[in-house]
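Trainee: Predicted structure and sequence below. I'll ask about it afterward.
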Amino acid sequence: MTLDAATRQFIRENLNADVPTLALKKAPVGTDFSLALRQIQARQLLRKKVPSWADNDDLLFPAHLSIEQCSSEAAARYKASLLQGQAFADLTGGLGIDTYFIRQGFGQADYVERQTELCDLARHNFEVLKANVEVWNETAEDYLSRCEPKDCIFIDPARRDEHGRKTVSIADCTPDVAALQESLLEKASTVLVKLSPMLDIGKALEELRHVKAVHVVSVANECKELDVVMERGFEGTTEVVCVNLLTAQPTVRFTLEEERDCRALLADDVLQYLYEPNPAVMKAGCFKLLTERYGVLKLHKNSNLYTSIQKIVGFPGRIFEVEGCAPYNKKVRQGLLSGVEKANIAVRNFPLSVAELRKALKIGDGDETYLFATTLRGERRVVVKTKKTASNEAVSSPCC
């Protein structure tokens, strides 16, 4: 499976073209037009997600769904940093992004995938990348029943049902990791399971055993996946790790017991700085501990916004400088928000949605002003006017 010279040149010349418009044009002589259109669309989707693959002219890519479901390069590299050993197997190979990056920490790697087309593409791409990976075209269950023991097994169950609808329960995914977990841990001392960020962490811990850690992975402020590390025989306390890749924000590590037993420190009023935890921290439910670890005060037990007098640069989230705060009533538009025509609006523990509040305040979207509508201690509903500060949100190289 290769790209002929004419098709390769056509792809190069049209990498920035609008694919639907391009599809209406006459196919150039000697070009595999449908293949070219698919490759152009795939490379456009992969530019930000997997830049090192998108830039490689010799790689081939499948249909849109496999690209949509694959890990980003940043997330794949993060998973790879957690694992090492001699023998590794990816039981749900897909596009092969995770296989390729994780295998770099192992002497031998197997890629397992039930779809023949994806296996053919994987063989081609691994050869192009000079990756020593053996491809197996079979189901995860069949491979698991006969494979030799591994140091690590990775599995990313499909999160769509037979009708293409997304699922979030472990039991509704394919394969069902909960049903396979004993077999997985018999074959490998470490099992890494990638799950939907929509899945409830507490429920996952009820369904899976021997869980050493749950890594809540955000990429550039968007929560992307839950990576569950299972270790054969582990009976200790599960650690929750929150990372926000491609930013300078710190990693947050805690246990659910620590969060449960912590007493949150509440603020009486909004102070000079306002803090919004990043999506990984929010997903993990690390709320009370932030007040203890970072010297910030929570605005309300249910608001999940924080404040301080001094700026806490190392806070794991966005930092805003407060320009003013006022009760939410009819006077707020003429007072605090006088002259504000556009703003970014967020609501936390507030009875109105963003759309409803924007309509009530008659404020458009955008500009450098950030408004937070929230509830303070004593059930006081307020609007906080802020501007974002230069903080730890700077995006670093996608390959880091």
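Mentor: In hand now; what should we look at? Please read all numbers here as calculations on a predicted model, not as lab measurements.
Trainee: pLDDT wise, what is residue 391 at?
Mentor: Predicted confidence (pLDDT) for residue 391: 63.
Trainee: Residue 250 now?
Mentor: Turning to residue 250, the model gives it a pLDDT of 96.
Trainee: next one: residue 159
Mentor: Value for residue 159, per-residue pLDDT: 73.
Trainee: Distance of it relative to residue 68?
Mentor: Between residue 159 and residue 68 the distance is 11 Å, computed by C-beta to C-beta, to the nearest Å. C-beta here means a position set from N, CA and C on the backbone, and glycine is covered the same way.
Trainee: With residue 388 instead?
Mentor: 30 Å.
Trainee: other SSEs contacting the helix or strand in which residue 154 is found?
Mentor: Per DSSP states H and E, residue 154 falls inside strand 150-155. Packed against strand 150-155 by the contact rule (3 or more C-beta pairs under 8 Å, 6 or more residues apart in numbering; DSSP states H and E) you find strand 85-90, helix 97-102, strand 106-112, helix 177-187, strand 188-195.
Trainee: ok, and which of these has the densest surroundings?
Mentor: helix 97-102 (a mean of 25; mean count of other C-beta atoms under 10 Å).
Trainee: which other residues reach that helix?
Mentor: For helix 97-102, the external contacting residues (C-beta atoms under 8 Å, 6 or more residues apart in numbering) are 50, 53, 70-73, 76-77, 79-80, 83, 88, 90, 93, 109, 111, 122, 125-126, 129, 131, 133, 152, 154, 156, 194.
Trainee: what does stretch 283-290 give?
Mentor: 197, 201, 214, 216, 218, 223, 226, 240, 242, 252, 254, 256, 258-259, 262-264, 277, 281, 296, 298, 304, 306, 315-316.
Trainee: what mean pLDDT does it have?
Mentor: Mean pLDDT, computed over stretch 283-290, is 97.
Trainee: now the end-to-end length of that stretch.
Mentor: End-to-end span of stretch 283-290 (C-alpha to C-alpha, to the nearest Å): 14 Å.
Trainee: and if you look at stretch 256-270?
Mentor: 28 Å.
Trainee: so the closest residue to residue 14 other than its chain neighbours, which of the three states?
Mentor: Closest residue to residue 14 apart from its sequence neighbours, by C-beta to C-beta, 6 or more residues apart in numbering: residue 40 at 5.6 Å. Per DSSP: H, G, I helix; E, B strand; the rest coil, the secondary structure class of residue 40 is helix.
Trainee: Look up how far residue 56 lies from residue 40.
Mentor: 14 Å.
Trainee: Who has more neighbours out of those two?
Mentor: residue 40 (23 against 15; other C-beta atoms under 10 Å).
Trainee: and that one, what does it touch?
Mentor: 11, 14, 15, 17, 19, 22.
Trainee: For these, pick the one with the most neighbours.
Mentor: That'd be residue 11 among those, by other C-beta under 10 Å, with 22 neighbours.
Trainee: tell me the contacts of that one?
Mentor: Residue 11 sits in contact with 3, 36, 39, 40, 43, 57, where contact means C-beta under 8 Å, 6+ apart.
Trainee: ok, so of these, who is nearest residue 231?
Mentor: residue 43 (38.0 Å; C-beta to C-beta).
Trainee: Surely that closest one touches residue 61?
Mentor: Yes: applying C-beta atoms under 8 Å as the test, residue 43 and residue 61 come out as touching, 7.2 Å apart.
Trainee: and the lowest-mean-pLDDT helix or strand in the chain, what does it pack onto?
Mentor: Using mean pLDDT, DSSP states H and E, the weakest-scoring helix or strand in the chain turns out to be helix 64-69, at a mean of 75. Counting by 3+ C-beta pairs under 8 Å, 6+ apart, the packing neighbours recorded for helix 64-69 are helix 33-49.
Trainee: No more questions from me, cheers.
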